[in-house]
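A.B. asks: give me a 3D structure for the following:
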Amino acid sequence: MDHQDRCQRTVRFEAALWAVLGGLAFLAKGDPRLVYPQVLYLFVSMLLANLCTSLSIRMAPGKPWLHAACLLLGFASIAGVQEWSGGHESNLWVLYLLPLFTAAILLDGRALAWTALGACASNAALYVAVLDRWDASISFEFALKTGILACSSGALWFLSRSEREAAERIQAQRREIEQLEETSRATATAWQKERGLHSIAAASARAAHDLATPLMVVRSYARLHLDRGVDDEVLGRDLERIERAAAFCQELSTGLLAKASETAAPQRLNTVIEAAVSLAEPILRSRHVEVRCESAGDLCANAAPQDLERILLNLLGNSAKAMSAGGVVTIAARREERGESAQAVLTIEDDGPGIPADVLGRLFQPFTTTGGTGLGLYLSREAARRLGGELTAENRPEGGARFMLRVPLTAQAPAVAGLA
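C.D. replies: So this is what the prediction gives:
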C-alpha cells in the first residue's frame, strides 16, 4: 500500500467517524448544551471539509497547501461546534485531534506546523468572548488545551515520519530481494543450457556458482525481518542463526569456486564476455543500462571460464548499481605486448558518477564498499592474479569509472567454440 492510498483510507475513515458523530449529536437533542439545528449543520460542514480533503489528495497529491486549507476548514467547523455546545467550556474541543492525525500523515513538518497553529487559533477564538471575566482558571484551561494540541501535533508527526521511513526501507529491501531472485532464476536458466562439463572440478564450480545467489536471497530475507524488528525472542534468535548459516555456506561456495578455477583451458574472450553480459542482463535491464561490446577478435586467455565470468559479472553489476538513472557500459578488448609475452586488456567503462576519491585508493581492499558487501572487487582482483594478470580501476576524465582487466594471452584456440 503506497502513501497516497494510506492517506485516502485515513480520510475515508475520518469521514465515516464524522458521520457517526453527527448522528450521535442528533440523538443527543435533549442535551441543553447543544443548540439545534446549528450543531447539526456544523457536523455536516465537518464531513464536507473531510470529503474535500480526500478529493484534494486524489486530484492534487503534490499540493500539501491544498490539503492544509481543507483541514483548516474542518477546524473552523469544530470551532463552531464548540461555540454552539457550551463555548470554551465544551468538551468537544478534543475533536481537533482527529484532523490533526490526518494532517500528520498528509503534510510535511512546515505545513503541519501551520495546520496545528490553525487548530490552536480556532480554539483560542472562543476565549475572546470571556476576556472580560478572564481569571487564573481560564488561563490554565486555555494553556492546557493549547499545549495538548501542540504536543499532539508534534508527536503524531514524529510517529508518522518514522512509519513512512520504515515503510520506504522495507520497500527498498523487497525490491533488492526481488532483483536477487530474478538474477537467481536467470543464472539457473543459463547454467541449464551449458553442456560439456565433464570434470569434477567444473561440476563443483557450477554448483558453487548456482548456490551463491539463492544463499544471498536467504540472508536478505532473514536480515529484512531482523531489521523490521521481531517481538518473539526465540524467532529472533532463529533468524540470526539462519543468517549466520547462510553466510557460512556462502564462504564455503566461494572457496569451492576458487579451488575449482585452478583447472584452466583456453577461452575465447568474445564468448566469455557474451556469457557474462547474459547473466547480468536482469540487473542491467532493471537499471536501464545499455551494454556496448567491441569484438575481441580471436583473443584467447588460458583460464577457467568461471574466473573470467565472475570478474566481468561483478564489474557489470557494480556499474549498473552506480547508474541509478540508467546509462551505458562499454566493454572493449585489445592485445598488448609485454616484452616476449602478450596480454589481453579488457576495458569496462561506464558513464556513471565515478568512484569517490576517498574510496579509489583502497577500492580493492576487503570490505571497502559504497553499498555492497565490500568483497566483490577484492575477490575479482584475487581471481585476476591467479590467472597471472591484474585488475585496476580509475576515473575517466569525462566522467564515469574505468576498470582494466589484464590476463595472459594464449595462441591455442578452444577445442569447442562457445564452451566458455
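
A.B. asks: show residues contacting stretch 99-118.
C.D. replies: If you take C-beta atoms under 8 Å, 6 or more residues apart in numbering as the criterion, stretch 99-118 is touched by 6-7, 10-11, 14, 50, 53, 57, 64-65, 67-68, 71-72, 74-75, 78, 119, 149-150, 152-154, 156-157, 159-160. Quick note: C-beta positions are derived from backbone N, CA and C, even for glycine.

A.B. asks: okay, and which of the residues you listed map to helices?
C.D. replies: Mapping those onto helices (DSSP state H) picks out 6-7, 10-11, 14, 50, 53, 57, 64-65, 67-68, 71-72, 74-75, 78, 119, 149-150, 152-154, 156-157, 159-160.

A.B. asks: what is the burial count for residue 167?
C.D. replies: As a burial measure, residue 167 scores 14 neighbours (other C-beta atoms under 10 Å).

A.B. asks: and the one helix or strand it maps to, how far out from the chain's middle?
C.D. replies: Element membership for residue 167 (DSSP states H and E) is helix 136-192. Distance of helix 136-192 from its chain centroid, counting by C-alpha atoms, centre = their mean, to the nearest Å, is 12 Å.

A.B. asks: same question for stretch 386-395.
C.D. replies: Centre-to-centre, stretch 386-395 and its host chain are 32 Å apart (C-alpha atoms, centre = their mean).

A.B. asks: could you shift the numbering so residue one becomes 705, and keep it that way?
C.D. replies: In the new numbering, first residue 705, that becomes stretch 1090-1099.

A.B. asks: what residues of that stretch count as buried?
C.D. replies: Buried positions in stretch 1090-1099, judged by neighbour count with 16 or more other C-beta atoms under 10 Å: 1091, 1093, 1095, 1097.

A.B. asks: quick one: end-to-end distance for that stretch.
C.D. replies: One end of stretch 1090-1099 to the other measures 25 Å (C-alpha to C-alpha, to the nearest Å).

A.B. asks: residues touching that stretch, excluding its own?
C.D. replies: Where contact means C-beta under 8 Å, 6+ apart, the residues beyond stretch 1090-1099 that reach it are 962, 965-966, 968, 1005-1007, 1011-1012, 1015, 1047, 1058-1059, 1064, 1067-1068, 1081, 1084-1085, 1088, 1105-1112.

A.B. asks: in helices, which of those appear?
C.D. replies: 962, 1011, 1012, 1015, 1064, 1081, 1084, 1085, 1088.

A.B. asks: residues in contact with the last one?
C.D. replies: Contact partners of residue 1088, counting by C-beta under 8 Å, 6+ apart, are 1011, 1015, 1094, 1095, 1109, 1110, 1111.

A.B. asks: nearest to residue 786, of those?
C.D. replies: Residue 786 lies nearest to residue 1015 out of the contacts of residue 1088, by C-beta to C-beta, at 72.1 Å.

A.B. asks: separation between the residue nearest the centre of the chain and residue 759?
C.D. replies: By C-alpha atoms, centre = their mean, the chain has its centre lying nearest to residue 876, at 2.2 Å. Distance, residue 876 to residue 759, using C-beta to C-beta, to the nearest Å: 31 Å.

A.B. asks: do residue 1090 as well
C.D. replies: Distance, residue 1090 to residue 759, by C-beta to C-beta: 65 Å.

A.B. asks: same check on residue 792?
C.D. replies: Residue 792 sits 32 Å away from residue 759, going by C-beta to C-beta.

A.B. asks: these two - which one has more neighbours?
C.D. replies: residue 792 (19 against 14).

A.B. asks: what sits against that one?
C.D. replies: 786, 830, 831, 833, 834, 842, 845, 846.

A.B. asks: in terms of contact, does the second one touch residue 788 like I think?
C.D. replies: Right, residue 830. No: using C-beta atoms under 8 Å, residue 830 is not in contact with residue 788, being 10.8 Å away.

A.B. asks: stretch 759-777: how far from the chain's middle?
C.D. replies: That offset, for stretch 759-777, works out to 27 Å (C-alpha atoms, centre = their mean).

A.B. asks: then it to CSV, C-alphas only?
C.D. replies: Output in CSV follows, covering the C-alpha atoms of stretch 759-777 (Å, rounded to 0.1, in the frame of the first residue of the first chain):
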residue,chain,number,x,y,z
LEU,A,759,-10.7,14.9,-3.1
SER,A,760,-7.6,17.1,-2.9
ILE,A,761,-5.5,14.0,-2.2
ARG,A,762,-6.8,12.3,-5.3
MET,A,763,-6.7,15.3,-7.7
ALA,A,764,-3.6,17.1,-6.4
PRO,A,765,-1.4,14.7,-4.4
GLY,A,766,1.6,17.0,-4.7
LYS,A,767,0.0,20.1,-3.2
PRO,A,768,0.1,19.9,0.6
TRP,A,769,-1.1,23.5,0.9
LEU,A,770,-4.4,22.5,-0.6
HIS,A,771,-4.7,19.6,1.9
ALA,A,772,-3.9,22.1,4.7
ALA,A,773,-6.6,24.5,3.5
CYS,A,774,-9.2,21.8,3.6
LEU,A,775,-8.1,20.8,7.1
LEU,A,776,-8.4,24.4,8.3
LEU,A,777,-12.0,24.4,7.1
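
A.B. asks: which of the residues in it are buried?
C.D. replies: Quick answer for stretch 759-777 (16+ other C-beta under 10 Å): 760, 761, 768, 770, 771, 772, 773, 774, 775, 776, 777.

A.B. asks: can you give me the strands for this structure?
C.D. replies: Counting by DSSP state E, one finds strands in the chain at the ranges 969-972, 993-997, 1004-1007, 1031-1042, 1045-1054, 1094-1099, 1105-1112.

A.B. asks: any chance of JSON lines for those strands, columns mean pLDDT?
C.D. replies: As requested, those are arranged in JSON lines below (pLDDT from 0 to 100):
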{"stretch": "strand 969-972", "mean pLDDT": "76"}
{"stretch": "strand 993-997", "mean pLDDT": "89"}
{"stretch": "strand 1004-1007", "mean pLDDT": "78"}
{"stretch": "strand 1031-1042", "mean pLDDT": "88"}
{"stretch": "strand 1045-1054", "mean pLDDT": "89"}
{"stretch": "strand 1094-1099", "mean pLDDT": "92"}
{"stretch": "strand 1105-1112", "mean pLDDT": "91"}
